[in-house]
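> Fold the stuff below for me.
(4 chains)
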2 protein chains.
Amino acid sequence: MSSVVEYKNGKPTIKNVETFCSLTNFALPRSDTSFRELFKEIDKKVKGEHPKVTQGALNNCHGDWYEWLIAIQAWNYRIKYQKRQLMLLLPNISRADLASLYVEGLNNHLVDLRLKVEKSNNVKLITSNPDFVILDIDEDKLPSLDEEPITQVTPQNIRYLEECYKHFIGKCNFNNIVGYFSVKTSLRPDRRLQLAHEGSLLKALYVHLQTRDWIIEPIGLKYYAASQSVTKADREGLQTVATHSITNVQSIPQAAVDHVFSIDNINEIESALSEIIIY
Amino acid sequence: MSSVVEYKNGKPTIKNVETFCSLTNFALPRSDTSFRELFKEIDKKVKGEHPKVTQGALNNCHGDWYEWLIAIQAWNYRIKYQKRQLMLLLPNISRADLASLYVEGLNNHLVDLRLKVEKSNNVKLITSNPDFVILDIDEDKLPSLDEEPITQVTPQNIRYLEECYKHFIGKCNFNNIVGYFSVKTSLRPDRRLQLAHEGSLLKALYVHLQTRDWIIEPIGLKYYAASQSVTKADREGLQTVATHSITNVQSIPQAAVDHVFSIDNINEIESALSEIIIY
DNA sequence: TCGCGCCGGCGCG
DNA sequence: TCGCGCCGGCGCG
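Take a look at the predicted model:
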């Protein structure tokens, strides 16, 4: 236990992965265990032994824990139900732009768009990376993955899931990237708009690729979100339109966020995945 | 001093206005006093007497303090330089939607747009209210305001500035609302995107009004932002395009945020206002 | 009671 | 060193 917090000049630093693995005893929570409660208990243990740990440090960890639990379950879902679609963790944008997942030709369209946009008016196309990308391996060209379910919460397994996206860099065609998924343990009226922005911009980029390759009937790009609890105001706030679709009367207004799931235990992850992962 | 924090069931609550007025001695800071340092000192005093005050409570207050200082300076700027443009605080959206500032005809276009968008695809047009609206009183129809500068930081003066927008509800024509201004004491890579979303959506609504009224050469809508410190990454992140402007090749890509100002003292407010308030 | 919009303190690469 | 993207705890109406 004392090993999960390090001190640097008297300032405690939570070792995120080790804390989560050690304090969950390396096991997945029961399928009806509330993540909220689970995180609260872990917090209590950490704070009990290390009173100087800040709320901000715990906030930071909660976000990762939530992503890991969903990533593990998504991994197992693909294997259990033998789906060709899969959901993978993405790193932050300074480690890898999600456009780099596309094959060279499509990536070049996006690079070209960014360059031209920037050149014409000193303007950029910037958003954060979503937490997950949803791939559809409908062609043999994409690498196949291990078929081993993940049953233990270990640093090795977490690291494996966090790096999995690397296999697909430069390999995805237009129809291989079918959606994105961003998750937050909690929402606030201001923070939930980050999701709307992300969804809106990702969909605008998709429409751009569609136009450049003149794809008449695209399968469409889904953008999903999830949180441990979702109020009516959250749902309404997240029904915001993808702004590119409202300025001319021809296009049908399109939601930036297609659906927001309430996910606070493993059963609820499973249920969300059954709507997200169709094939 | 003890009066600025109230206790409810042992839980401290900062009385925001009273704290700021009392701990600044009801005076505006010197024109080169760093707001950062000022807020830090106030925090220290509050925490010194009330150790149970949380970081979250102070965060909440900092946002208001920053807005008030800018609102006071904007008020005085108009009078000092006899400008016909003015910058007013806006309330949060549950108190008054900013569309309500427009005259009935224009407001109806926006109501109509919201209805049709919602009806067609269960999608809404949602963003937070910006902190300030920038008005141009270029017609005699708009109410005129007091010409008294504000030299004291008092609850009465702050309340006055917070309610000033009410005079303009239902009174603004297309060319009376020339811009918005949102401010944050600090930025983060995720939170700065809230500004991009807000700017993008406000500009899309403006384009919609322009289309409905078929206004050929609109004066344009500006969206500005400010923070106590702005990094290169912040500037680049905020150069994000207003997404409606990139999906067809005819329109020129337009920035969601026209300019981000670094404002940490009264001189810097003055300097920003000289770029924002032109006429 | 709850919705709004506020923001600092992270762990990591 | 800094950029990324994390999120709870507010004061107020």
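> Spell out the residue ranges of the strands in the stretch 151-279 of chain A.
For the stretch 151-279 of chain A, the strands defined by DSSP state E, counting those that start in this stretch cover A:177-184, A:222-227, A:259-262.
> could the ones you listed be laid out in JSON lines, adding mean neighbour count?
C-beta here means a position set from N, CA and C on the backbone, and glycine is covered the same way. Output for the strands of the stretch 151-279 of chain A, formatted as JSON lines (neighbours: other C-beta atoms under 10 Å in any protein chain shown):
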{"stretch": "strand A:177-184", "mean neighbour count": "23"}
{"stretch": "strand A:222-227", "mean neighbour count": "24"}
{"stretch": "strand A:259-262", "mean neighbour count": "18"}
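> between the ones you listed, which gets nearest to chain B?
If you check each of those against chain B by C-beta to the nearest C-beta, strand A:177-184 wins as the nearest, at 9.8 Å.
> Mind checking the strands of the stretch 151-279 of chain A for the one nearest to A:Val111?
A:Val111 lies closest, by C-beta to C-beta, to one member of the strands of the stretch 151-279 of chain A: strand A:177-184, at 16.2 Å.
> Enumerate the residues of chain A near DNA strand C.
For chain A, the residues found near DNA strand C under the criterion C-beta under 7 Å from any atom of the strand are A:11-18, A:53-57, A:59-61, A:92, A:95, A:188-191, A:231-233, A:237.
> A:Ser36: how many residues sit nearby?
Quick fix: residue A:36 is Arg, not Ser. 16 (other C-beta atoms under 10 Å in any protein chain shown).
> Strands along the stretch 1-150 of chain A, start to end?
Counting by DSSP E, counting those that start in this stretch, one finds strands in the stretch 1-150 of chain A at the ranges A:5-8, A:11-14, A:85-89, A:132-136.
> Just the residues contacting the second one, thanks.
Residues lying outside strand A:11-14 but in contact with it, judged by C-beta atoms under 8 Å, 6 or more residues apart in numbering or on different chains, are A:Val4, A:Val5, A:Glu6, A:Tyr7, A:Val46, A:His50, A:Lys52, A:Val53, A:Ala57, A:Leu58, A:Asn60, A:Cys61.
> Would you list the buried entries among those?
Applying 16 or more other C-beta atoms under 10 Å in any protein chain shown to the contacts of strand A:11-14, the neighbour count classes A:Val4, A:Val5, A:Val46, A:His50, A:Val53, A:Ala57, A:Leu58, A:Cys61 as buried.
> Just the ones of the residues you listed in helices?
Counting by DSSP state H, the members of the buried ones among the contacts of strand A:11-14 that fall within helices are A:Val46, A:Ala57, A:Leu58, A:Cys61.
> And the pLDDT at the third one?
We have a pLDDT of 97 for A:Leu58.
> Leaving out sequence neighbours, find the closest residue to it.
In space, A:Leu58 comes closest to A:Asp43 once its chain neighbours are excluded; the distance is 5.4 Å by C-beta to C-beta, 6 or more residues apart in numbering or on different chains.
> Check the gap between A:Cys164 and DNA strand D for me.
Using C-beta to the nearest atom of the strand, to the nearest Å, one gets 17 Å for the distance from A:Cys164 to DNA strand D.
> Check the contact between A:Asp264 and A:Phe35; I expect there is one.
Yes. Between A:Asp264 and A:Phe35 there is a contact under C-beta atoms under 8 Å: 5.2 Å.
> shared neighbours, these two?
When C-beta under 8 Å, 6+ apart defines a contact, the residues bordering A:Asp264 and A:Phe35 alike are A:Gln228.
> A:Leu193 and chain B: what is the separation?
Note on A:Leu193: its distance to chain B, by C-beta to the nearest C-beta, to the nearest Å, is 5 Å.
> Nearest to A:Gln156 among the contacts of strand A:11-14?
Compare each of the contacts of strand A:11-14 with A:Gln156 using C-beta to C-beta and the shortest gap goes to A:Val4, at 16.7 Å.
> which residues does the closest one contact?
Contacts for A:Val4 were tallied using C-beta under 8 Å, 6+ apart; they are A:Ile14, A:Lys15, A:Glu18, A:Thr19, A:Ser22, A:Leu23, A:Val46.
> out of those residues, which are inside helices?
Using DSSP H, the subset of the contacts of A:Val4 located in helices is A:Glu18, A:Thr19, A:Ser22, A:Leu23, A:Val46.
> and the two most separated of those?
Greatest spatial distance in the ones in helices among the contacts of A:Val4: A:Glu18 and A:Val46, 11.3 Å, computed using C-beta to C-beta.
> count of residues packed around whichever residue of the stretch 51-200 of chain A sits closest to chain B?
Among residues of the stretch 51-200 of chain A, the one nearest chain B by C-beta to the nearest C-beta turns out to be A:His197. It sits 3.9 Å away. For A:His197, the number of neighbouring residues by other C-beta under 10 Å comes to 28.
> Would you mind listing where chain A has pLDDT under the threshold?
Scanning chain A for pLDDT under 70 picks out the ranges A:1-3, A:139-140, A:215-216, A:244-251.
> Tell me which residues touch the nearest residue to A:Gln228 once chain neighbours are set aside, please.
Among residues not flanking A:Gln228 along the chain, A:Asp264 sits closest, at 4.6 Å (C-beta to C-beta, 6+ apart). For A:Asp264, the set of contacting residues under the criterion of C-beta under 8 Å, 6+ apart consists of A:Ser34, A:Phe35, A:Arg36, A:Gln228, A:Ser229.
> could you dump the strands of the stretch 151-279 of chain A to JSON lines with distance to B:Lys222?
Output for the strands of the stretch 151-279 of chain A, formatted as JSON lines (distance: least, C-beta to C-beta, whole Å):
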{"stretch": "strand A:177-184", "distance to B:Lys222": "30"}
{"stretch": "strand A:222-227", "distance to B:Lys222": "29"}
{"stretch": "strand A:259-262", "distance to B:Lys222": "32"}
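> wait, which of those strands is closest to B:Leu113?
The closest approach between B:Leu113 and any of those, judged by C-beta to C-beta, belongs to strand A:222-227 at 22.4 Å.
> The closest one pairs with which strands, and in what direction?
Partner strands and pairing direction for strand A:222-227 (DSSP bridges) are strand A:177-184 (parallel), strand A:259-262 (parallel).
> could you redo these as a markdown table and give each row distance to A:Leu113?
What follows is the strands paired with strand A:222-227, written out as a markdown table (distance: least, C-beta to C-beta, whole Å):
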| stretch | distance to A:Leu113 |
| --- | --- |
| strand A:177-184 | 16 |
| strand A:259-262 | 28 |
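> Of these, which is nearest B:Gly179?
Scanning these with C-beta to C-beta as the criterion, the closest one proves to be strand A:177-184, at 30.4 Å.
> any idea how far A:Tyr81 lies from B:Gln210?
50 Å (C-beta to C-beta, to the nearest Å).
> Same drill for those two, tell me which one is more crowded.
Summary of the neighbour comparison: A:Tyr81 and B:Gln210, criterion other C-beta under 10 Å, with B:Gln210 having more neighbours (17 against 11).
> So which residues on the stretch 101-250 of chain A come close to DNA strand D?
Taking C-beta under 7 Å from any atom of the strand as the test, the list of the stretch 101-250 of chain A residues beside DNA strand D reads A:Ser128, A:Asn129, A:Asp131, A:Ser182, A:Val183, A:Lys184, A:Thr185, A:Ser186, A:Arg188, A:Arg191, A:Gln194.
> what's the neighbour count on the residue of chain A found nearest DNA strand D?
Per C-beta to the nearest atom of the strand, the residue of chain A with the smallest distance to DNA strand D is A:Gly63, at 2.1 Å. Residue neighbour count, defined by other C-beta under 10 Å, stands at 16 for A:Gly63.
> ok, for it, nearest residue in space, not its chain neighbours?
On the basis of C-beta to C-beta, 6+ apart, the spatially nearest residue to A:Gly63 that is not a chain neighbour turns out to be A:Thr185, at 6.3 Å.
> Apart from its neighbours in sequence, what residue is nearest the residue positioned nearest the centre of chain A?
Among the residues of chain A, the smallest C-alpha distance to the mean C-alpha position (C-alpha atoms, centre = their mean) belongs to A:Asp131, namely 2.0 Å. Spatial nearest neighbour of A:Asp131, chain neighbours left out: A:Ser182 (4.8 Å); criterion: C-beta to C-beta, 6+ apart.
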